[in-house]
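Engineer: everything below, folded, please.
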Amino acid sequence: MKDFKNKVAAITGAASGMGRTLAVELARRGCNLAISDVNDAELVKTAELASQHGVRVTVRKLDVSKRDEVYAWADEVVRDHGKVNLIFNNAGVALTAPVEHMKISDFEWIMGINFWGVVYGTQAFLPHLKASGEGHVINTSSLFGLMAVPTQSAYNASKFGVRGFTEALRMELDMEGACVSATCVHPGGIATNIANAGKVDPVMEKLTGQSVDAHKRRANKLINVTTAESAALQILQAVENNERRVLVGNDAKKLDKVIRLFGSAYQVLVMKQLRKMNKPRQPARSAA
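Structural biologist: Prediction:
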């Protein structure tokens, strides 16, 4: 897919962050849009921004963890637009919790959105993409779909799952000689609202001595590396180039090289860095 003009793209998680910037950039390139999110108020704002570029935009409040809702939306998109060429399974949430203390309900919550939302979106839209004659599936994994980090086991599980699912899908489409392709997206630290909207288990306060708000502020500092606008441009370029995987941001590219070089020993490096970050600062000595 060398250009997006007169195509139709469906985007989940389009109320903010990468979903919003993808929508606006696609609209700027002449692509019609079907956008969805659980936050319908912010979704309308995305639609207003995209509509300024003269394309057709439809909106749907959607919980991607609900299979029936996703399938109904896919059929609705085709009825409204006549076709659909791209599905960006972009919706995602975060969870910080140690394995021992993590609530199963929280684990199910994040898997429902981050993993099953991708599965439902892919399966619901794939027949329609094939019917369009030219289609692409874009699934958002993460840098944490390439490497693991303590207290991120559930997020890691969901994003590693998206990676495996999408890579297998891409090979199946290649074997079939289909008119549809697939790309797995691995963003590094992107300046979005995911940390603020995510869940932090209260046990983290007891284990680290930091409040839930402090954890979120720290996460925001760590992820504020690449703008959402830059991420959208990198993702769309990867689709144009039919890339199997796109590493978004210099941090993702550098850490991917570290993982390839050190193999599972990267975990030792992660632990060294975490100990360094968590080491209490010594008070400055006053001059004699």
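
Engineer: so who does residue 64 touch?
Structural biologist: By Cβ atoms under 8 Å, 6 or more residues apart in numbering, residue 64 lies in contact with 12, 13, 36, 70, 89, 91, 113, 116, 117, 120, 121. All C-beta atoms are positioned from the backbone trio N, CA, C, and that covers glycine.

Engineer: and residue 233, how far from residue 118?
Structural biologist: 22 Å (Cβ to Cβ, to the nearest Å).

Engineer: looking at these two, which is more packed in?
Structural biologist: Higher neighbour count among residue 233 and residue 118: residue 118, with 29 against 14, using other Cβ atoms under 10 Å.

Engineer: touching, that one and residue 89? I think so.
Structural biologist: Yes: in this structure, residue 118 is within contact of residue 89 by Cβ atoms under 8 Å, at 4.3 Å.

Engineer: what sits in contact with each of those two?
Structural biologist: Contact criterion Cβ under 8 Å, 6+ apart; residues bridging residue 118 and residue 89 by contacting each: 139, 140.

Engineer: and the end-to-end length of stretch 44-57?
Structural biologist: With Cα to Cα, to the nearest Å as the measure, stretch 44-57 spans 10 Å from end to end.

Engineer: identify the residues contacting that stretch?
Structural biologist: By Cβ under 8 Å, 6+ apart, stretch 44-57 touches 14-16, 19-20, 23-24, 26-28, 30-35, 37, 59, 81.

Engineer: how about the strands of this protein, start to end?
Structural biologist: 8-11, 32-37, 57-61, 86-89, 95-96, 135-140, 180-187, 199-200, 245-248 (DSSP state E).

Engineer: the longest helix in this structure is where?
Structural biologist: Using DSSP state H to define each element, the chain has its longest helix at helix 153-176.

Engineer: other SSEs contacting that helix?
Structural biologist: strand 95-96, helix 104-114, helix 116-132, strand 135-140, strand 180-187 (3 or more Cβ pairs under 8 Å, 6 or more residues apart in numbering; DSSP states H and E).

Engineer: strand partners (parallel or antiparallel) of the shortest one?
Structural biologist: Taking DSSP bridges as the criterion, strand 95-96 pairs within the sheet with strand 199-200 (parallel).

Engineer: state the mean pLDDT of the strand it pairs with.
Structural biologist: Mean per-residue pLDDT for strand 199-200: 77.

Engineer: starting at the chain centroid, how far to it?
Structural biologist: Relative to its parent chain, strand 199-200 has a centroid offset of 17 Å by Cα atoms, centre = their mean, to the nearest Å.

Engineer: and for stretch 141-160?
Structural biologist: Worked out by Cα atoms, centre = their mean, stretch 141-160 lies 12 Å from the chain centre.

Engineer: what about dumping the CA coordinates of that stretch to CSV?
Structural biologist: C-alpha atoms of stretch 141-160 as CSV (Å, rounded to 0.1, in the frame of the first residue of the first chain):
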residue,chain,number,x,y,z
SER,A,141,2.8,-4.5,20.6
SER,A,142,5.5,-2.7,22.5
LEU,A,143,9.2,-2.5,23.3
PHE,A,144,7.9,-4.6,26.2
GLY,A,145,6.9,-7.2,23.6
LEU,A,146,10.6,-7.7,23.0
MET,A,147,12.0,-7.5,26.6
ALA,A,148,10.6,-8.1,30.0
VAL,A,149,10.7,-5.7,33.0
PRO,A,150,9.9,-6.5,36.7
THR,A,151,6.3,-5.5,37.8
GLN,A,152,5.2,-5.5,34.1
SER,A,153,4.6,-9.2,33.8
ALA,A,154,0.9,-8.8,32.7
TYR,A,155,1.8,-6.0,30.2
ASN,A,156,4.7,-8.1,28.9
ALA,A,157,2.5,-11.2,28.5
SER,A,158,-0.1,-9.2,26.5
LYS,A,159,2.5,-7.5,24.3
PHE,A,160,4.6,-10.7,23.7
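
Engineer: many thanks, we can stop here.
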